[in-house]
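> Below: sequence and its predicted model.
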Amino acid sequence: MKRAFILLTTAGLLLGGCVRYSNGKPVEEEKTKVEQKEEKPKKEVKEVKPKKEENKQEINQQATNDLKEYIDNNFSGTSWGQLITDIEVKNDIVTVNTDVLGDEEGKNAVKNIDNAIWGYTNTNDSKYKFKKVNIKDKEGRIIISKDNPLK
């Protein structure tokens, strides 16, 4: 009987000293965390999103019209001049929309457009000083982007 008591006592001590685990964490720790959560009410946090900046780059209509006229008067007879569908100037960036695919053949067909624009903007008497030319394919993807070589 003494032996059974000692075994039960030893087993009780051993079991009482053991910590039960759930998901790799002691159950008692999980309870403590739950209790802590209950004690501290959740604060409602509003996420403050910055206002979307509207497109601050506005089209410079005068520069756009002047550049279109220059390209039309001087380069409409070239192979690449006929591929231009639209030109737009925003701040100091010229965007040229073309009717080409974005492959190597399309890039080669329009690769001289930026040189004509640099010739226009880099003369001493030009009232516009463009910083960049982006040439887009017919899907609207930029296929050539060049900075002004004199900047």
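That came through fine.
> Report whether the expected contact of residue 67 with residue 120 is present.
Yes. Counting by Cβ atoms under 8 Å, residue 120 is a contact partner of residue 67 at 6.6 Å. All C-beta atoms are positioned from the backbone trio N, CA, C, and that covers glycine.
> higher neighbour count, these two?
Using other Cβ atoms under 10 Å as the criterion, residue 67 and residue 120 rank with residue 67 on top: 22 against 17.
> quick one: common contacting residues for residue 67 and residue 120?
Residues touching both residue 67 and residue 120 by Cβ atoms under 8 Å, 6 or more residues apart in numbering: residue 128.
> how long is stretch 135-149 end to end?
One end of stretch 135-149 sits 16 Å from the other (Cα to Cα, to the nearest Å).
> And residue 114, which helix or strand is it part of?
According to DSSP states H and E, residue 114 maps onto helix 113-121.
> neighbouring strands for the helix or strand just after that helix, and are they parallel or not?
With elements assigned by DSSP H and E, the helix or strand that comes after helix 113-121 is strand 132-136. Partners of strand 132-136 in the sheet, by DSSP bridges, are strand 93-98 (parallel), strand 142-147 (antiparallel).
> winner for burial among those strands?
For the strands paired with strand 132-136, the largest average neighbour count (mean count of other Cβ atoms under 10 Å) is found in strand 93-98, namely a mean of 21.
> Name the residues that touch that one?
Contacts for strand 93-98 (Cβ under 8 Å, 6+ apart): 57, 67, 83-89, 106, 110, 113, 117, 130-138, 140.
> Selecting buried members of those in PyMOL, what would you type?
Typed into PyMOL, the line below selects the buried ones among these, using 16 or more other Cβ atoms under 10 Å:
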select buried, resi 67+83+84+87+88+89+106+110+113+117+130+132+133+134+135+136+137
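> Averaging pLDDT per element, find the lowest-scoring helix or strand in this protein.
When each helix and strand of the chain is scored by mean pLDDT, DSSP states H and E, helix 2-17 comes last, with a mean of 50.
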